[in-house]
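Chemist: structure for the following, please:
(one chain, ligands or ions: 1)
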Amino acid sequence: MHELTIMKNVVSICEQNAAGSRVTSVTLDVGELSGIVPGALEFCFDSCTKGTLLEGASLKIIIIEPQVRCNGCKALFGARAYHDSCPECGGFDIEILFGEELRVKELEVV
Ligand SMILES: [Zn+2]
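Modeler: Below is the predicted model:
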């Protein structure tokens, strides 16, 4: 499972940042176009954090809505998928500005 690997990476990033302190809460930004299923991240959180500084921590996931720019007419708009066309000019030459990210936004440590 893709999300399992991602969550293991997230846990190791959090442990590095926590520098030995116990983590009580983790907040993640997950873009809608990242291909990551938030429910799957939640599902493997407990097993991935077991025996780590994050054991027992709560997980918050913030979904980042995609924002794309049309390279044809420079319009900015929200997109739900990569193959969306520009609502202004109908062009398909679009660039993703936000929505592909996965990052650790916040850590709360004791
Ligand atoms: Zn356009």
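
Chemist: every contact and neighbour count from this point should use C-alpha atoms.
Modeler: OK.

Chemist: element containing the residue of the chain most remote from its centre?
Modeler: Going by C-alpha atoms, centre = their mean, the residue of the chain most distant from its centre is residue 89, 29.9 Å out. Assigned by DSSP states H and E, residue 89 belongs to no helix or strand.

Chemist: give me the nearest residue to it, chain neighbours excluded.
Modeler: residue 73 (6.8 Å; C-alpha to C-alpha, 6 or more residues apart in numbering).

Chemist: how many residues are close by the one you found?
Modeler: By other C-alpha atoms under 10 Å, 14 other residues sit near residue 73.

Chemist: which helix or strand lies directly C-terminal to the longest helix seen in the chain?
Modeler: Criterion DSSP state H: the longest helix present in the chain is helix 2-18. Note on helix 2-18: by DSSP H and E, the next helix or strand toward the C-terminus is strand 23-31.

Chemist: ok so, going back, surely the residue farthest from the centre of the chain touches residue 71?
Modeler: No: using C-alpha atoms under 8 Å as the test, residue 89 is too far from residue 71 to be in contact (10.3 Å).

Chemist: thinking again about what came up before, quick check: the residue farthest from the centre of the chain vs residue 72, distance?
Modeler: Separation of residue 89 from residue 72 (C-alpha to C-alpha, to the nearest Å): 8 Å.

Chemist: now do the same contact list for the residue sitting nearest the centre point of the chain.
Modeler: Residue closest to the mean C-alpha point of the chain, counted by C-alpha atoms, centre = their mean, is residue 30 at 2.0 Å. Residue 30 sits next to 36, 38, 61-64, 99-103 when contact means C-alpha atoms under 8 Å, 6 or more residues apart in numbering.
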